[in-house]
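[1] Quick one, fold the following:
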Amino acid sequence: MITTQQIKSMKGKNKIVMLTAYDFPTAKLMDGIVDIILVGDSLGMVVLGYENTTKVTIDDMLRATAAVARGTKNTMIVGDMPIGTYDDEKGALRNAKMFLNAGAHAIKIEKKPEVAEFLVKNGMQVMGHIGLTPQTITNFKVQGKNDEDAKKLIDEAGALEKAGCFSLVLECIPMQLAKAITEKIKIPTIGIGAGVHSDGQVLVTNDILGLYGDFKPKFLKRYAEIGIEMRKAFEQYAKEVREEKFPSDENSFH
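    Okay, here's the model as predicted:
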């Protein structure tokens, strides 16, 4: 199993590959191919049908984390702590331990370096997240486009590194800023909508497979259109049932 130390050692050498997964079969298919599986709170939108991630509960996340863990032998699992589960240090530690009990090897939080530091001091492996942070930002646009905001993000990155995070997600920031942050801090950066200069990349698996409607932000690349193929299969099945072509004789017991 890939460790946080191995992830840290990849900085500047090998690109880190991270994708999301929320269930056993998806995790099993990507195990050993990607370096990190993020059980993301994007679960709320791409699986549970919520408008955003703010309705996701810790029970939702723990159930998904356990399913992913059952399908994974080689890849690191990072559990995304949902909104409201790390507002205070003691509560954050209690909830982080629940993720580990469910099978995660590390947890991810948005900003909050003081909470990250407390978790690290208490034995947790923490991935940080800055830029567009979906739990607290409702205006989904590129972050850090002016000098003041860029400096703030650089400071946040430094604070999370100092807190002991083993890596840092950079979401929806200009590629030049991502490059500057990546060069400034010693822990690996993992970009999503942050250009090619980060130490690694992450995308939502349902997005790259075409399983989440018409969601096509600029940073997304579709690697397959599984949703279209699934719909074709459903239509063919329905047609054959209605025409009494399924089940055929070979699909029946005698």
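
[2] Tell me which stretches of the stretch 101-250 of the chain form helices.
    Ranges of helices in the stretch 101-250 of the chain, per DSSP state H, counting those that start in this stretch, are 113-121, 147-163, 175-184, 205-208, 226-242.

[3] mind putting the ones you listed in JSON lines, distance to Leu100, mean neighbour count and mean pLDDT included?
    C-beta: built from backbone N, CA, C; applies to glycine. Below are those laid out as JSON lines (distance: least, Cβ to Cβ, whole Å; neighbours: other Cβ atoms under 10 Å; pLDDT from 0 to 100):
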{"stretch": "helix 113-121", "distance to Leu100": "11", "mean neighbour count": "20", "mean pLDDT": "98"}
{"stretch": "helix 147-163", "distance to Leu100": "19", "mean neighbour count": "17", "mean pLDDT": "98"}
{"stretch": "helix 175-184", "distance to Leu100": "28", "mean neighbour count": "18", "mean pLDDT": "98"}
{"stretch": "helix 205-208", "distance to Leu100": "23", "mean neighbour count": "22", "mean pLDDT": "97"}
{"stretch": "helix 226-242", "distance to Leu100": "32", "mean neighbour count": "11", "mean pLDDT": "97"}
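
[4] so which of those comes closest to Ser42?
    Proximity to Ser42 (Cβ to Cβ) singles out helix 205-208 among the helices of the stretch 101-250 of the chain, at 7.8 Å.

[5] other SSEs contacting the closest one?
    Applying 3 or more Cβ pairs under 8 Å, 6 or more residues apart in numbering; DSSP states H and E, one finds that helix 205-208 contacts strand 16-20.

[6] how near is Leu43 to Ile187?
    Distance check for Leu43 against Ile187: by Cβ to Cβ, to the nearest Å, it reads 26 Å.

[7] more crowded one of those two?
    Leu43 (25 against 20; other Cβ atoms under 10 Å).

[8] close enough to count as contact, that one and Val56?
    Yes. Applying Cβ atoms under 8 Å, one finds Leu43 in contact with Val56, separated by 6.1 Å.

[9] Strands along the protein, start to end?
    Under the criterion DSSP state E, strands of the chain are mapped to 16-20, 36-39, 76-80, 106-108, 126-131, 167-171, 189-192, 200-203.

[10] Mean neighbour count added to the ones you listed, as a markdown table?
    Below are the strands of the chain laid out as a markdown table (neighbours: other Cβ atoms under 10 Å):
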| stretch | mean neighbour count |
| --- | --- |
| strand 16-20 | 23 |
| strand 36-39 | 28 |
| strand 76-80 | 28 |
| strand 106-108 | 26 |
| strand 126-131 | 27 |
| strand 167-171 | 27 |
| strand 189-192 | 27 |
| strand 200-203 | 22 |
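
[11] what sits against Gly79?
    Val39, Met61, Leu62, Thr65, Phe99, Ala102, Ala104, Ala106, Ile107, Lys108 (Cβ atoms under 8 Å, 6 or more residues apart in numbering).

[12] quick one: average pLDDT of stretch 218-225?
    On average, the pLDDT along stretch 218-225 is 93.

[13] contacts for it?
    Cys172, Ile192, Gly193, Ala194, Leu203, Asp207, Ile208, Leu209, Gly210, Lys216.

[14] okay, now the last one: neighbour count?
    Read it as Lys216. Around Lys216 there are 12 other residues, counting by other Cβ under 10 Å.

[15] so where's the stretch 51-200 of the chain shaky on pLDDT?
    138 (pLDDT under 70).

[16] If we use 90, what do you get?
    The stretch 51-200 of the chain contains residues with pLDDT under 90 at 136-141.

[17] just checking, Val78 touches Ile37?
    Yes. Using Cβ under 8 Å, Val78 is in contact with Ile37, at 7.1 Å.

[18] need the contact list for the nearest residue to Thr26 once chain neighbours are set aside.
    Excluding the flanking residues, the one nearest Thr26 by Cβ to Cβ, 6 or more residues apart in numbering is Thr205, at 6.4 Å. By Cβ under 8 Å, 6+ apart, Thr205 lies in contact with Leu19, Thr20, Ala21, Thr26, Met30.
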